[in-house]
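Engineer: Here is the input, now give the coordinates:
(one chain, ligands or ions: 1)
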Amino acid sequence: MRPSGIPAHAPLAVTAAPVSGTPPKSDWETLRRLFPYLWIYKWRVIAALAFMVGAKMANVGVPLLLKNLVDAMTLQPGDPAALLVVPAALLLGYGALRLSTSLFTELRELVFAKATEGAARSISLEVFRHLHAMSLRFHLERQTGGMTRDIERGTRGVHSLISYSLYSIIPTLIEVTLVLTLLAVKFDVWFAWITIVALVVYIGFTITVTEWRTQFRKKMNEMDSTAHSRAIDSLLNYETVKYFNNEEFEAQRYDENLERYRRAAVKSQTTLSLLNTGQQLIIASALVTMLWRATQGVVDGRMTLGDLVMVNAFMIQLYIPLNFLGVIYREIKQSLTDLEKMFTLMEREREIADVPGAQPLQLAADGADATVRFEDVTFAYDPARTILHGISFEIPAGKTVAVVGPSGSGKSTLARLLFRFYDVQQGRITVAGQDIKQVTQSSVRSSLGIVPQDTVLFNDTVEYNIAYGRPGATRTEVEAAAKAAHIHAFIAAAPKAYDTMVGERGLKLSGGEKQRVAIARTLLKNPPVMIFDEATSALDSANERAIQAELQSVAQNKTTLVIAHRLSTVVDAHEILVMDAGRIIERGNHAQLLAANGRYASMWALQQSAE
Ligand SMILES: Nc1ncnc2c1ncn2[C@@H]1O[C@H](COP(=O)(O)OP(=O)(O)OP(=O)(O)O)[C@@H](O)[C@H]1O
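Structural biologist: The predicted structure is shown next:
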């Protein structure tokens, strides 16, 4: 048997660091959040730091050798032996030091790549899991485009933060310390002072200007995310845009943000030039002062020519990384901002969470005890508007209860509550006598199957979409489900059969075809409790009758909740609830309700005459 497109669940061996508490407040807090993800690879972190120190020591050794080389040439002009032997040894040493600098640097990258990539992977996976754990309310409110952009930037932030701090800031600090110590010990303490003052002024200037510039960068990000959200929303609504001929309107809305982005970007660029010029000024002043002190030293005979060369080489070596400090500081700040945004997203409270120590729902293997009860359930999406008022009913195991009533009366809300997409404000919902709030959400959901009102499919093959009902199902099982949902013949006749792509959100299929794919995947899941929320509303009468018969045979031994507009589809239900404005106004079986001659009877008469 050929396996279907979806593999069975395989646990991912990723050690996610624990997350707790409130959203990060400062940069240090963000760093503290990131640290545990890296510390999983502590030996690599330590080894990388050691290699870094090695590389910097080798780097600082280079000017020292240069000094000796120059001194050998200038101080012993009359000694041909020394002139031959000493420079040869020094040249070899020079080569070895240069090589070790790059060797240590490469080793550091080699050792650390796994830690960086591992941390980025753990965080990405954790964010993804967290998003799926967030409530339906969160997902209905989110702006997909902007949010994915934030996540993308956050994950990239992990890479840049690690590489900039570990590959730039820390090495520069090590180098500065080594050079300062050397200068202070070997020469006039003035050299160290000039370097320190220049560094302090440089860093102070860079940080102040960069902090000020951050607002433009933030604005750019904001505009970028909003533009992205608008573009995605507009593309998802492609057909609607065309129906209303609103391409130009959409383009203008998009362009509003692009224009704001452009303005912020130009400001960001102009202020960058200001920053760069200021930095160059500070560095050039420091270099000139140092060189002036060094030439004075040579003239006074306190320093050799070699010393002068060495001081100059040190300064140039320091100058190169410092030159990038502004960019690095900004990138680090930027990464921290991006990371903070992602961490804040991760800290958003999960509205619907398992109670501590929640156990899985206990259910007989054949679902024979899967009775569903709504006990005096009151619910509001928004506290200002109660949707369900004290709803009580029971679907005995293996029986079918139908809910009918006008649009907006709260029928689909019953299904959402049973799936625990929201928690009820009053009363409780039980499955097999267990409150669904007290057991794990995943066990409740695995006992339920739904054919929803609006089916949205994954942009993959028909087979993938059906097999989604039970990852790991074989092609034969997928076909059997498709046959039961009366969609097999249609799929088999398509040029690519089960490998046909359904398009984004399944839009390449008709409403009725999508609905049948949804039925097939729920049949494949085969849970003890089924919910059909107007499951056949998109079908023509002939297809509806055929599938109704199939659904009824499937529902035979299952606990079933049927939500329907067409009353002819629910006449066989064990109990029919008539809902209006969030209340059950009538209940009974078809015959009883007709006899009662109330709302149901008049709805029935109306539909019969229409048909
Ligand atoms: N996420 C939500 N936030 C706020 N109000 C909501 C939300 N979802 C639904 N509602 C409101 O709750 C009420 C009941 O919605 P529900 O989907 O349960 O109705 P229904 O009876 O299934 O309607 P229909 O027959 O049209 O599908 C509606 O007035 C709807 O506007």
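Engineer: quick one: low-confidence ranges for the stretch 251-400 of the chain?
Structural biologist: For the stretch 251-400 of the chain, applying pLDDT under 70 flags no range at all.
Engineer: can you map out the helices along it?
Structural biologist: All helices of the stretch 251-400 of the chain, identified by DSSP state H, counting those that start in this stretch, fall at 305-323, 325-347.
Engineer: Can you work out which other helices and strands pack against the least confident helix or strand in the chain by mean pLDDT?
Structural biologist: Least confident helix or strand, the chain: helix 541-555 with a mean of 73, by mean pLDDT, DSSP states H and E. Packed against helix 541-555 by the contact rule (3 or more C-beta pairs under 8 Å, 6 or more residues apart in numbering; DSSP states H and E) you find helix 511-525, strand 529-533. The C-beta positions use only the backbone N, C-alpha and C, and glycine is treated the same way.
Engineer: Quick check: buried residues in that helix?
Structural biologist: Buried residues in helix 541-555, defined by neighbour count with 16 or more other C-beta atoms under 10 Å: 543-544, 547-548, 550-551, 554-555.
Engineer: Can I get the residues you listed in CSV including distance to the ligand?
Structural biologist: Shown next, in CSV, are these (distance: C-beta to the nearest ligand atom, whole Å):
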residue, distance to the ligand
Asn543, 21
Glu544, 17
Ile547, 19
Gln548, 18
Glu550, 23
Leu551, 18
Val554, 22
Ala555, 19
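Engineer: wait, which of those is closest to Arg587?
Structural biologist: For the buried residues of helix 541-555, the residue nearest Arg587 by C-beta to C-beta is Ala555; the value is 19.1 Å.
Engineer: So for Pro528, what's the nearest residue that isn't a sequence neighbour?
Structural biologist: Leaving aside its chain neighbours, Pro528 sits nearest to Gly367 (2.5 Å; criterion: C-beta to C-beta, 6 or more residues apart in numbering).
Engineer: Same check on Leu34?
Structural biologist: Closest residue to Leu34 apart from its sequence neighbours, by C-beta to C-beta, 6+ apart: Leu339 at 6.5 Å.
Engineer: May I ask you to confirm that that neighbour is in contact with Phe35?
Structural biologist: No. Shown here, Leu339 and Phe35 do not form a contact pair, counting by C-beta atoms under 8 Å, at 11.7 Å.
Engineer: Neighbour count for these two, which is higher?
Structural biologist: Leu339 (25 against 12; other C-beta atoms under 10 Å).
Engineer: what's the distance between the more buried one and the ligand?
Structural biologist: 31 Å (C-beta to the nearest ligand atom, to the nearest Å).
Engineer: What of Ile40?
Structural biologist: For Ile40, the distance to the ligand (C-beta to the nearest ligand atom) stands at 39 Å.
Engineer: returning to that earlier point: and the residue nearest to Pro528, what does it touch?
Structural biologist: Contact analysis of Gly367 by C-beta atoms under 8 Å, 6 or more residues apart in numbering lists 397-398, 447, 527-529, 557-559.
Engineer: Inside strands: which ones of those residues?
Structural biologist: Among the contacts of Gly367, DSSP state E puts 529, 559 in strands.
Engineer: before we move on, back to that, run through who's touching the least confident helix or strand of the chain.
Structural biologist: Contact with helix 541-555 is made by 400, 484-486, 512, 516, 519, 523, 530, 532, 535-536, 539, 562, 566, 569, 572, as judged by C-beta under 8 Å, 6+ apart.
Engineer: and if you look at stretch 583-598?
Structural biologist: Stretch 583-598 is contacted from outside by 389-393, 405, 570-579, 599-601, 604, using C-beta under 8 Å, 6+ apart.
Engineer: Check Leu539 and give its pLDDT.
Structural biologist: According to the prediction, Leu539 has pLDDT 69.
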